[in-house]
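Peer 1: my questions concern the predicted model and sequence given below.
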Amino acid sequence: MADNTKGRRDFMGMALGGFTALGGIGALYAMKRTWDPLPSVKAAGFTTIDVSAAQENVLNVEKWRGKPIFVLKKSKDMKPDDRDVIVGSDRFLVAVGLCTHLGCIPAYAADEHKFKCACHGGEFDASGHQIFGPPPSPLEIPPFKVEGTKVVLGEEGPEYKKMKEAGLTA
Amino acid sequence: MAHFDENAKPFSQKWLDERLAVSTLKRVLSTEYWIPKNINFLWAMGMVLAATFGLLLVSGIMLLMYYKPDVNLAFDSVNYTIMSEVGYGWLWRHIHGVGASVVFLIIYIHMFVGIYYGSYKRGRELIWLSGMLLFVTFSAEAFSGYMLPWGQMSYWAGMVITNLFSGGSLEAYGLVEWIRGDYVPGDAFLTRFFMLHVLLLPLVIIGLIVLHFGTLRIPHVNNQDGEEFDFEEAAELYKAGKVKESKVIPFNPVFLSKDVFVMGIYFIFFFYLVFYHFEFAMDPVNFDPADGLKTPPHIYPEWYFLWSYEILRPFSKDLGLIAFAIAQVIFFMLPFLDKSPNVAPASRRGLFKYWFWIMLVDMIILTFMGKLPPQGIWNTIGLVAALLFFALWIALPIITKLEKKL
């Protein structure tokens, strides 16, 4: 009799524990989803930039998904790079303007052809490669598609896909 | 049901005792909560902290009535509505801002007093651990509050600190975007940090304060000599009227009078800052509205985070993150890394007395380096100080093991 009661209590305990765990997991999942970016945030993803009027060695900063985007038309004395975005006959650096260390915006020193980040002293060259300090990787290249003299950010064009396969975008 | 006296007048002492045990509560929490006699004013920091937390709570409630957690409205609701329109709004803001800064000064004093006198050792480990949990929660509370005025420093501090969660080369960008609810700090970020700052974290803090007080109950407060004595025996002496012979005094009203005196001095200093030097807790950069397309030339946290921020800086990204993470939690390990059997002030211990002062000075150097721009000689000093910080923690178990029993 005593054993029988214990068996029932154990069963009740396990059943209660099981349902509690199930409910707990469900609640945690709901909480996780509540913190996810909203669909409206995710959808605001495309920006078109017309680069036909860009001047050499003058940095333009555009905005895409809230992030600054560096658009720099390279002059003849700047080294061409595999990461350049070619529009017509001109070469451009198109990159997310956030230092790959902790996300500050580096400033462009036009005379030195360098980006310098004030926060932790990181530096990038005009092709976005890290050349000094703590940044672990080059400036990130956002998904782009070239359409005539325009660059559409947020859409993966053939040039971007090629770069991505070669591992050049980040 | 217990026995109730039918003649007890409503809300009389007896009537309340029968329903709420007010006399017992008063005894247990104050008049018979025993405090050692030989402790100095540094032991009043706990009550100073409790009082400051009270001020932060009250001023926070006042600010909450006019603050708007919206990226378009937040900056003006603080800098225009609260500062210029709301009657005495400036007072609450200055109390809140100065309180948030000064509370860390007192926390650091409270911590280093505990380290100096060995109050984290044998029997008091949980006091130390619950205190460190409070420190970490206060840090999160301060950070989330710093976001709310949505100035330039708020925005970029949010950007940099949330990027810490990208995990270096792990490139866990999904986690960063999940924490922010956006690709960059935006509305979702502001509203959830608002929730953390005004509800979730204060609840956790209040719970932890109760726990911290609870952990004191059995091992009791340490004293200036690290002397171990029988509190019950000493309490009997006191209750028998042998006040001079007894080693203890009741918390209320005897020790509390000293606490109140120290608090009096402290509040003179506190309100001097509130009325005449509030700007020390208000970074000028944060009076520019947040701009996601422009980083201020030099960004730094508030002074109380500078030492751990500086530990992050001199190393490469991954190493820096690991060093930073260790620096955040290493103080939790103190009771277990200190292998010495002695509970005594640092001055009477072996190499530990040097360890204590070198650690303190090293953290002050890190604090200064964290504020200076990352250039030239400052980088080198920062690197040396950061390496010394870790060397000290590695040395701690060794030098304390060598210590002879007093």
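Peer 2: Perfect, thanks for sending it.
Peer 1: so what are the domain limits for the chain?
Peer 2: All of this is about chain A. Taking automatic domain parsing as the criterion, chain A consists of the domains A:2-36, A:43-165.
Peer 1: hmm, I had chain B in mind actually
Peer 2: Under the assignment the TED database, the domains of chain B span B:33-299, B:306-405.
Peer 1: start and end of the last one, how far apart?
Peer 2: Put plainly, it is domain B:306-405. Domain B:306-405 has an end-to-end distance of 37 Å (criterion: Cα to Cα, to the nearest Å).
Peer 1: and it, does that touch chain A?
Peer 2: Yes - judged by Cβ under 8 Å from any Cβ of the partner chain, domain B:306-405 comes into contact with chain A at B:R313, B:F315, B:S316, B:K317, B:D318, B:G320, B:P373, B:P374, B:Q375, B:N379. Glycine gets a C-beta too; all of them are placed from N, C-alpha and C.
Peer 1: looking at these, which is nearest A:L16?
Peer 2: The nearest member of the residues of domain B:306-405 next to chain A to A:L16, counting by Cβ to Cβ, is B:D318 at 45.0 Å.
Peer 1: residues of the stretch 51-200 of chain B that sit close to chain A?
Peer 2: In this structure, the stretch 51-200 of chain B approaches chain A at residues B:156, B:159-160, B:163-164, B:168-169, B:171, B:177-184, B:186, B:188, B:192, judged by Cβ under 8 Å from any Cβ.
Peer 1: before we move on, the earlier item: among the residues of domain B:306-405 next to chain A, who's most crowded?
Peer 2: Highest neighbour count within these: B:R313, with 25 neighbours (other Cβ atoms under 10 Å in any protein chain shown).
Peer 1: pretty sure it sits against B:G370.
Peer 2: Yes - with contact defined as Cβ atoms under 8 Å, B:R313 counts as touching B:G370 (7.4 Å).
Peer 1: shared neighbours of these two, which are they?
Peer 2: Counting by Cβ atoms under 8 Å, 6 or more residues apart in numbering or on different chains, the contacts common to B:R313 and B:G370 are B:G382.
Peer 1: now the strands for chain A?
Peer 2: For chain A, strands defined by DSSP state E occupy the ranges A:47-50, A:59-64, A:67-73, A:85-87, A:90-96, A:107-109, A:114-116, A:123-125, A:130-132, A:144-147, A:150-153.
Peer 1: circling back: let's have the domains of chain B in TSV, adding mean pLDDT.
Peer 2: What follows is the domains of chain B, written out as TSV (pLDDT from 0 to 100):
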stretch	mean pLDDT
domain B:33-299	94
domain B:306-405	92
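Peer 1: I'd like those as JSON lines, with distance to A:A27 appended.
Peer 2: Below are the domains of chain B laid out as JSON lines (distance: least, Cβ to Cβ, whole Å):
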{"stretch": "domain B:33-299", "distance to A:A27": "15"}
{"stretch": "domain B:306-405", "distance to A:A27": "28"}
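Peer 1: make a markdown table out of the domains of chain A and add mean pLDDT, mean neighbour count and distance to chain B.
Peer 2: Shown next, in a markdown table, are those (pLDDT from 0 to 100; neighbours: other Cβ atoms under 10 Å in any protein chain shown; distance: least, Cβ to the nearest Cβ, whole Å):
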| stretch | mean pLDDT | mean neighbour count | distance to chain B |
| --- | --- | --- | --- |
| domain A:2-36 | 89 | 10 | 6 |
| domain A:43-165 | 86 | 18 | 4 |
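Peer 1: B:K9: which of those is closest?
Peer 2: domain A:2-36 (46.9 Å).
Peer 1: now the helices for chain A?
Peer 2: A:2-35, A:39-43, A:158-165 (DSSP state H).
Peer 1: indicate which one of those helices is closest to B:F112.
Peer 2: Checking the helices of chain A against B:F112 by Cβ to Cβ gives helix A:2-35 as the closest, at 36.8 Å.
Peer 1: residues contacting B:L175?
Peer 2: Counting by Cβ under 8 Å, 6+ apart, B:L175 has contacts B:F165, B:S166, B:G167.
Peer 1: in strands, which of the residues you listed appear?
Peer 2: Short answer: these have none in strands (DSSP E).
Peer 1: ok, the residues you listed vs chain A, which is closest?
Peer 2: The nearest member of the contacts of B:L175 to chain A, counting by Cβ to the nearest Cβ, is B:S166 at 8.5 Å.
Peer 1: contact partners for that closest one?
Peer 2: Neighbour list for B:S166: B:A172, B:Y173, B:L175, B:V176 [criterion: Cβ under 8 Å, 6+ apart].
Peer 1: one step back: would you list the strands of chain A in CSV and tack on distance to B:A50?
Peer 2: Supplementary listing: these in CSV, determined by distance: least, Cβ to Cβ, whole Å:
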stretch, distance to B:A50
strand A:47-50, 52
strand A:59-64, 46
strand A:67-73, 43
strand A:85-87, 59
strand A:90-96, 46
strand A:107-109, 46
strand A:114-116, 46
strand A:123-125, 48
strand A:130-132, 48
strand A:144-147, 56
strand A:150-153, 53
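Peer 1: residue of the stretch 51-200 of chain B closest to chain A, please.
Peer 2: When distances are taken as Cβ to the nearest Cβ, the stretch 51-200 of chain B reaches nearest to chain A at B:V184, 3.8 Å away.
Peer 1: isn't that residue right up against A:R65?
Peer 2: Yes - using Cβ under 8 Å, B:V184 is in contact with A:R65, at 7.3 Å.
Peer 1: can you count the residues close to the nearest residue to B:F332 once chain neighbours are set aside?
Peer 2: The spatially closest residue to B:F332, leaving aside those adjacent along the chain, is B:M132, at 4.9 Å (Cβ to Cβ, 6 or more residues apart in numbering or on different chains). Neighbourhood size, B:M132 [other Cβ under 10 Å]: 21.
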